[in-house]
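J.: Generate coordinates for the sequence data below:
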Amino acid sequence: MDHITALQDIVGAKFTVTGSDADKWRQDWTGDYVVNPSVVVRPASTDEVAQVMRYAHAHDLPVVPVSGHTGLTGATANDGAVMLSVDRLNQIEQIDVEGRTVTVGSGVVLQSIHDAVEAHDLIFPLTFGARGAAMIGGALSTNAGGSNVVRYGNTRDLCLGIEVILADGRVMNLMSALHKDNSGYNLKHLVIGAEGTLGIITKAVLKLFTKPKAYATAMVATPSIADALTLLHRIQDETGGAVEAFELMTRSYIDLHLRQTPDGKEPFAEPFETNIMVEVGATSAEDAMVQESGQTRLSEKLEATLGTLLEEGAMLDAVVAQNESQRAEMWARREAAGHIGYLDGPRVDTDIAVPLDQVELVIAGIGEKIRKIDPGAWEVVVAHLGDGNIHHAIYPKDTGPEMFDSFVEAVEDTVQEVGGSFSAEHGVGLSKLKTMTRRKDPVALAAMQAVKKALDPKGILNPGKVIPPV
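T.: Predicted coordinates:
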């Protein structure tokens, strides 16, 4: 109670939450991890976060930062820790239209950033299904990816500067809006993706881009993933690299979507195995101009490319969105993945990245290994195909813990064979600690442990996450 009283003195009694009032923080979005913090503190400023960390450091209190609680790897799980919510650091401080930046607190919800900059005909292009709840602090801490990585990059690529509170309460000011800065180690990139184990991000300077004047969106069926990649490259060439999203949905995912979504629709008149959602964005007035056909020049360009590929046999069918409602329907089908994947019982989720030309081989290889382990298991695969990020879910018939480990190792083996990564955009948290031990280069692990020890010698920041114990 002495600790709680001290924390109340820093952030106020109203924002020092215990007991049943803390219930909203006790379970993450997946429901897989139930947490039991001793207290939830909700600071409203950089200074308050710094004071909390100074107190925690002086009294050896573990601190687990949390933002929107939409993570998938148990990165906020804790028992008896101080949980530090950034939800009150929710100010959009500045939108610099000429400099194409926005300065925000780490508790700003992603959708709020989208809405704020759209008023200036700008976009912050990071987008994924949980954008209505996810906060930018969590997106930075996991280096989130999403659907627009193929054009704009991951969260790390979209961030120019951050403010970070270190384990001992010192404020590290990296709030630069510079696009180039070679003044020593890139500490910003070190903290981004560290899942709160090296410091707590309190502010960020983010890149903005001109809002496309027109979008062309389509569902395309191809004979194979290799043909889908041919489609990607052709559209990129025809549009000058304007592909914003290139999303793979296999037949198993379409079936899941139809089963779990009452108003779900087949994307085509007949079922296909390889289904692609592609979206192209045009910033030039010429490409956005409506033609005699009633379509924009961009849509006509996309349709022409699709028609050529159909004639070549590299495409089986295509549906181009004719209005915003049809475009929204295509996006809703893809963005439902995070939700509906949790409705069909126990599963093994993996989030992997492989070279583009290895995606088809990896999906097939994982399938073969799974059927040898558990012939009754079934898979659901979706992917950010434009950047080689595969979300592979396994629904086993045998749900024993040993079976789960066998599935994960089978995926690891396949990924390692092609030089891929076992963690693409969801982070490591708790769920991938065993994999880190098995698969991460031991010298790299030792370097990570040394960095952690240097910046957080008492090990109080999000303990037990990301880095396996020595």
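
J.: what sits up against the lowest-mean-pLDDT helix or strand in the chain?
T.: Within the chain, no helix or strand scores below helix 337-340, which has a mean of 88 by mean pLDDT, DSSP states H and E. Defining contact as C-beta atoms under 8 Å, 6 or more residues apart in numbering, one finds that helix 337-340 is touched by Leu72, Phe128, Gly129, Ala130, Tyr253, Leu256, His257, Gln260, Thr261, Val382, His391. To be clear about C-beta, it is placed using only N, CA and C from the backbone, and glycine gets the same treatment.

J.: Repeat the analysis, applying 10 Å as the threshold.
T.: With C-beta atoms under 10 Å, 6 or more residues apart in numbering as the test, helix 337-340 has contacts from 29-30, 70, 72, 128-130, 247, 249, 253, 256-261, 264, 380, 382, 391, 393.

J.: what ranges do the strands span in the stretch 151-300 of the chain?
T.: Applying DSSP state E, counting those that start in this stretch to the stretch 151-300 of the chain gives strands spanning 159-165, 171-174, 200-207, 209-210, 214-222, 243-250, 274-282.

J.: State the paired neighbours of the last one in the sheet, together with their directions.
T.: This points to strand 274-282. If you go by DSSP bridges, strand 274-282 pairs up with strand 214-222 (antiparallel), strand 243-250 (antiparallel).

J.: Can you add mean pLDDT, distance to Thr16 and mean neighbour count and give the ones you listed back as JSON lines?
T.: Compiled in JSON lines, those are given as follows (pLDDT from 0 to 100; distance: least, C-beta to C-beta, whole Å; neighbours: other C-beta atoms under 10 Å):
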{"stretch": "strand 214-222", "mean pLDDT": "97", "distance to Thr16": "46", "mean neighbour count": "23"}
{"stretch": "strand 243-250", "mean pLDDT": "98", "distance to Thr16": "42", "mean neighbour count": "24"}
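
J.: and of those strands, who's closest to Leu306?
T.: strand 214-222 (6.6 Å; C-beta to C-beta).

J.: and that closest one, how far out from the chain's middle?
T.: 22 Å (C-alpha atoms, centre = their mean, to the nearest Å).

J.: same deal with stretch 432-451?
T.: Taking mean C-alpha positions (C-alpha atoms, centre = their mean), stretch 432-451 and its chain are 21 Å apart.

J.: buried stuff in that stretch?
T.: Within stretch 432-451, the residues that count as buried by 16 or more other C-beta atoms under 10 Å are Lys432, Leu433, Thr435, Met436, Arg439, Lys440, Leu445, Met448.

J.: check contacts around the fourth one.
T.: Yep, that's Met436 we're talking about. Met436 neighbours (C-beta under 10 Å, 6+ apart): Phe422, Ser423, Val428, Ala444, Leu445, Met448, Val466, Ile467, Pro468.

J.: and it, what element?
T.: According to DSSP states H and E, Met436 maps onto helix 433-439.

J.: Can you list the helices and strands that the helix or strand hosting Glu412 packs against?
T.: Assessed by DSSP H and E, Glu412 sits inside helix 401-417. Applying 3 or more C-beta pairs under 10 Å, 6 or more residues apart in numbering; DSSP states H and E, one finds that helix 401-417 contacts strand 348-353, helix 359-373, strand 389-395, helix 433-439.

J.: Report the angle between that helix and helix 359-373.
T.: Counting by axes from the mean of the first three to the mean of the last three C-alpha atoms, to 10 degrees, helix 401-417 lies at 150 degrees to helix 359-373.

J.: residue contacts, the closest residue to Glu286 other than its chain neighbours?
T.: With sequence-adjacent residues excluded and distances taken as C-beta to C-beta, 6 or more residues apart in numbering, Glu286 is closest to Arg297, at 6.3 Å. Counting by C-beta under 10 Å, 6+ apart, Arg297 touches Ala214, Ala216, Ala282, Ser284, Ala285, Glu286, Asp287, Ala288, Met289, Val290, Gln291.

J.: wait, isn't the first one in contact with Val280?
T.: Yes. With contacts counted by C-beta atoms under 10 Å, Ala214 reaches Val280, the gap being 8.9 Å.

J.: Now the common contact residues for the two.
T.: Asp287, Leu298, Ser299.

J.: Count the residues that sit near the second one.
T.: The local packing of Leu298 (other C-beta atoms under 10 Å) involves 24 other residues.
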